[in-house]
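Asks: Quick one: sequence and predicted model below, then my questions.
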Amino acid sequence: MSRRFQKLYDLCGMIAGGLILCICLLISAQICLNAFGRIAPGVLPSTIPSYADFSGFMLAGATFLAMAHTLRAGGHIRVNLVVSRLPQSAQFAAEVFVLAVAAGLVGYAAYFMADLVRESVHYGDVSNGIIPVPLWIPQSVATFGIALLLVAILHTLCELVSARKPILSSPGEV
């Protein structure tokens, strides 16, 4: 089961990287259209409709989809300066405490993100750009990403409890 979760985290990390690449391509295309519009006005459209909205949606998707992968890869910023100086039993207790609090906070956020998606579907909310996009679509991606972060936190907490020793802090990070 752990391998399947790790594959899902990695897949979402790759999708997040792909979304960042799409943002780069979209903004580059917009810059090229602006430049071409100054050289030969009226030949091509000067703007991509709602490109800023789409870039924002992709950025939100990339951010939330990458969080679980980043947690499992050890990429989140952690303060190990104090914890690394504690005895191993205290490090273990600190990691359990931090992961439990994180699970509670992220679970709370995931619940309300899911509620936001439900409200957007109920009221038919759409973006206010040139191209109206139903807001539940990008909100669903963000909700999935934060729910996956919750799974990753609980997964890490289970691994920590089964190992009965600190697993988050390493001496190389200090």
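Replies: Sure, I can see it.
Asks: From Ser127, how far out is Leu86?
Replies: Computed as CB to CB, to the nearest Å, the Leu86 to Ser127 distance reads 48 Å. C-beta: built from backbone N, CA, C; applies to glycine.
Asks: neighbour-wise, which of the two wins?
Replies: Ser127 (17 against 14; other CB atoms under 10 Å).
Asks: Quick check: next helix or strand after the lowest-mean-pLDDT helix or strand in the chain?
Replies: Using mean pLDDT, DSSP states H and E, the weakest-scoring helix or strand in the chain turns out to be helix 80-83, at a mean of 78. Downstream of helix 80-83, the first helix or strand assigned by DSSP states H and E is helix 88-123.
Asks: report the angle between the axes of whichever strand or helix holds Ala152 and helix 88-123?
Replies: Ala152 is part of helix 136-163, with elements assigned from DSSP H and E. Put simply, helix 136-163 runs at 160 degrees to helix 88-123, going by axes from the mean of the first three to the mean of the last three CA atoms, to 10 degrees.
Asks: End to end on stretch 79-92, go ahead and measure it.
Replies: 15 Å (CA to CA, to the nearest Å).
Asks: how near is the residue nearest to Ala68 when sequence neighbours are not counted to Phe5?
Replies: Closest residue in space to Ala68, ignoring its immediate chain neighbours: Ala152 at 3.8 Å, by CB to CB, 6 or more residues apart in numbering. Counting by CB to CB, the separation of Ala152 from Phe5 is 7 Å.
Asks: low pLDDT regions in the protein?
Replies: Scanning the chain for pLDDT under 70 picks out 169-174.
Asks: returning to what we had before: what are the buried residues along the helix holding Ala152?
Replies: Neighbour counts over helix 136-163 (16 or more other CB atoms under 10 Å) mark 136, 138-157, 160 as buried.
Asks: Measure how the helix of greatest length in the chain sits relative to helix 136-163, angle-wise.
Replies: In the chain, taking DSSP state H as the definition, the longest helix is helix 2-39. Put simply, helix 2-39 runs at 150 degrees to helix 136-163, going by the same axes, to 10 degrees.
Asks: What is helix 2-39 packed up against?
Replies: The helices and strands touching helix 2-39, judged by 3 or more CB pairs under 8 Å, 6 or more residues apart in numbering; DSSP states H and E, are helix 51-73, helix 136-163.
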